[in-house]
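J.: fold the following.
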Amino acid sequence: MKELHFYKMQGTGNDFVVVDNRNNTLSLDEIIEHTPQLCDRIFGIGADGFIALNAPVLPDTDYTMIYRNADGSDAGMCGNGARCLARLAWQLGMGTSFTFNVHDAIYKASVNEENGLISICFPDTLQPKRLYIDDLNLLQIYPGTEHLVWQTDLHRLSDEEEITKLGRKIRNHPSVNPPGSNVNFVAINSEKHIHLQTYERGVEGLTQACGTGAIASALATDFLSSPEANEIRNIQVTVKGGILNVKFKRNESTGHYEDIELTGPAAVVYEGTFHL
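T.: Reported below is the predicted structural model:
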């Protein structure tokens, strides 16, 4: 029986099982196999996903981030998970700033030791495009993983039964499958403040927060409001688990969003040993 030392971590309530896997304690096949067990909230540790801190495989990087959804599927990038992993790397004495990869995409992370906030810099992202599913007017955007954004009102965000049902319907719609999509329900408070609930693919339900969902929703809000191009914008995103901040600028000549940065807290809840 293999013993696995783990850290239970959370970023704005989005929780993860995280392991220091730089010595290849777990192969990728083993990670995929064991993730549903580890993330099970009754028979396992319980989490929205599993993250491994792997040794670097690309030039000029400090580590590789392996992330799997709670069901073991590949989620692509996870913004809250990336902050948690940077927090762990800092705790392990690796420094306060990192360059890392998720698949072939390169990201940068920095830890503010004074306030504990962690920022992740994302690659440029194409502007959203419209997608109609049944009678819903959605925006489709890819900040490292698949996202759909639907603008609604704050009252509807509190009806979790309704938005869970709608999120499941959209996530499984043939027009976005495979691989499906995360679904974000956004209520705009102002040009600089939005409220968000996210139905996450792989978790198959609402989560306390979604980092890439916060980015997708902030960029979609900017796209709909059409502010001045090349202006640096900072949007506060209120999720059930706390506050996230998304900074970026829109480059009309390239059709990209640039200098994207996600900032928020991340913490170790506890650590322990799990018998696989």
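J.: any low-confidence regions in this structure?
T.: Within the chain, the ranges that satisfy pLDDT under 70 run 226-229.
J.: okay, now the domains of it?
T.: 3-123+266-275, 125-262 (automatic domain parsing).
J.: gap between the two ends of the longest one?
T.: Spelled out, that is domain 125-262. 13 Å (C-alpha to C-alpha, to the nearest Å).
J.: tabulate the domains of the chain in a markdown table, adding columns for mean neighbour count.
T.: C-betas here are computed from N, CA, C, even on glycine. Listed next are these as a markdown table, based on neighbours: other C-beta atoms under 10 Å:
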| stretch | mean neighbour count |
| --- | --- |
| domain 3-123+266-275 | 19 |
| domain 125-262 | 19 |
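J.: and the next helix or strand past the helix ranked longest in the chain?
T.: If you go by DSSP state H, the chain has its longest helix at helix 211-225. Once helix 211-225 ends, the next helix or strand along the chain (criterion: DSSP states H and E) is strand 233-239.
J.: helices or strands next to that next one in the packing?
T.: Packed against strand 233-239 by the contact rule (3 or more C-beta pairs under 8 Å, 6 or more residues apart in numbering; DSSP states H and E) you find strand 193-200, helix 211-225, strand 242-251.
J.: can you list those in TSV and add distance to Ile51?
T.: As requested, those are exported to TSV (distance: least, C-beta to C-beta, whole Å):
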stretch	distance to Ile51
strand 193-200	15
helix 211-225	12
strand 242-251	18
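J.: do you know which of those lies nearest Trp90?
T.: When these are compared by C-beta to C-beta, helix 211-225 sits nearest Trp90, at 17.4 Å.
J.: list the residues that contact Phe274.
T.: Glu3, Leu4, Phe6, Leu38, Gly44, Ile45 (C-beta atoms under 8 Å, 6 or more residues apart in numbering).
J.: swap in Glu146?
T.: Gly76, Gln140, Val176, Pro179, Gly180, Ser181, Asn182, Arg201.
J.: can we see that at 7 Å?
T.: Shown in contact with Glu146 (C-beta atoms under 7 Å, 6 or more residues apart in numbering): Pro179, Ser181, Asn182.
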